[in-house]
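Chemist: Give me a model of this one.
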Amino acid sequence: MYNSRNMTVTFGAGRIFTPAVIIFCILLGAGYAGVAWATKFVASWGMLSTNNVMSGKLWTLLTYSFFNSCGLPLAWDILVIIFIGSALENKWGAKSWIIFWVIMSATCGLIYLLASIFFKGILVAGSGACVYGLIGAFGLTFRHNLSYSFLGTIKAHHGALIMIAIGVLLSIPRPLSLIDVAGAAIACGYLKLLWKFNERKAVGPARGKSAKKPGAFVDVD
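Modeler: Model (predicted):
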């Protein structure tokens with residue numbers, strides 16, 4: 001359950017199994033099966049690498065985020081998408097949620113391509129960058145007003161910081177994984193820019209009145 005001074009969001013089936021969440025969990029499951037059954041094909045046509053991009057496969061800047069080769073990280077990613085991602089989709093709407101995923105995937109994908117200058121021959125796959133983006137967005141969007149309860153109660157931004165810190169520690173043996181964790185910071189920067197842009201749009205002829213549209217990125221604080 002999410003608790004807020006202004007709202008309570010309960011983890012019911014209709015609240016966590018939102019349209020975008022369902023679609024993306026299916027895509028992640030299909031991607032995992034694809035890696036298991038058609039590894040070479042997926043590596044050539046779906047995963048991100050300098051060679052793939054240079055050969056014109058620009059779509060791999062997005063598709064790499066749907067392919068996981070390890071079941072445990074995939075299970076974690078799906079849990080985050082279901083519980084944290086659904087809270088954001090309920091707030092933003094499916095369209096804005098999908099746009100967010102695409103931006104996170106492409107941005108972190110470009111960073112991975114820059115890193116390939118120093119780490120030759122890397123092949124990038126996994127939804128980690130987008131998942132950490134969701135964690136960062138959740139912590140920022142629901143920061144002081146919201147707490148969520150699993151084994152206890154903790155403010156959303158504190159929970160996000162704990163998960164990010166764990167991600168940093170787990171990345172020590174594999175420094176490139178820090179790019180995934182950086183997705184949280186990129187998400188926060190993106191949302192803050194978007195909020196400022198929406199605030200400026202809202203201040204028009206009717207000064208001070210909100211002009212937010214349904215499904216837009218919103219700040220609940």
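
Chemist: Skipping adjacent residues, who's closest to Y132 in space?
Modeler: G183 (3.9 Å; Cβ to Cβ, 6 or more residues apart in numbering). Backbone N, C-alpha and C define where each C-beta goes, glycine included.

Chemist: Also L61?
Modeler: L61's closest residue in space is G109 (Cβ to Cβ, 6+ apart), at 4.1 Å.

Chemist: contacting residues around whichever strand or helix holds the one you found?
Modeler: Assigned by DSSP states H and E, G109 belongs to helix 94-115. Surrounding helix 94-115, the residues in contact under the criterion Cβ atoms under 8 Å, 6 or more residues apart in numbering are 18-20, 24, 48, 50, 53, 60-62, 64-65, 85, 88-89, 92, 122, 124, 129-130, 133-134, 137, 176, 179-180, 182-183, 186-187, 190, 215-217.

Chemist: Strands - which of those land there?
Modeler: In strands, judged by DSSP state E, none of the contacts of helix 94-115 are found.

Chemist: N198 belongs to a helix, doesn't it?
Modeler: Yes. Applying DSSP: H, G, I helix; E, B strand; the rest coil, one finds N198 inside a helix.

Chemist: do you know how far the residue sitting nearest the centre point of the chain is from M54?
Modeler: Residue closest to the average C-alpha location in the chain (Cα atoms, centre = their mean): C130, at 3.0 Å. Using Cβ to Cβ, to the nearest Å, C130 is found at 24 Å from M54.

Chemist: Likewise for S171?
Modeler: S171 is 27 Å from M54, by Cβ to Cβ.

Chemist: In terms of neighbours, single out the busier of the two.
Modeler: More crowded of S171 and M54, by other Cβ atoms under 10 Å: S171, with 17 against 10.

Chemist: who's in contact with the more buried one?
Modeler: Contacts of S171 (Cβ under 8 Å, 6+ apart): 177-178, 180-181.

Chemist: Go again with 7 Å.
Modeler: 177-178, 181 (Cβ atoms under 7 Å, 6 or more residues apart in numbering).

Chemist: Next, format those as TSV and append neighbour count, distance to L72 and pLDDT.
Modeler: Below are the contacts of S171 laid out as TSV (neighbours: other Cβ atoms under 10 Å; distance: Cβ to Cβ, whole Å; pLDDT from 0 to 100):
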residue	neighbour count	distance to L72	pLDDT
S177	18	14	94
L178	15	19	96
V181	23	17	97
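
Chemist: Same list (those) but as CSV, adding distance to S105.
Modeler: Formatted as CSV, these follow (distance: Cβ to Cβ, whole Å):
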residue, distance to S105
S177, 16
L178, 17
V181, 15
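
Chemist: returning to what we had before: any idea how far T141 is from the residue nearest to L61?
Modeler: For G109, the distance to T141 (Cβ to Cβ) stands at 23 Å.

Chemist: Ok, S96 next?
Modeler: Counting by Cβ to Cβ - S96 and T141 are separated by 11 Å.
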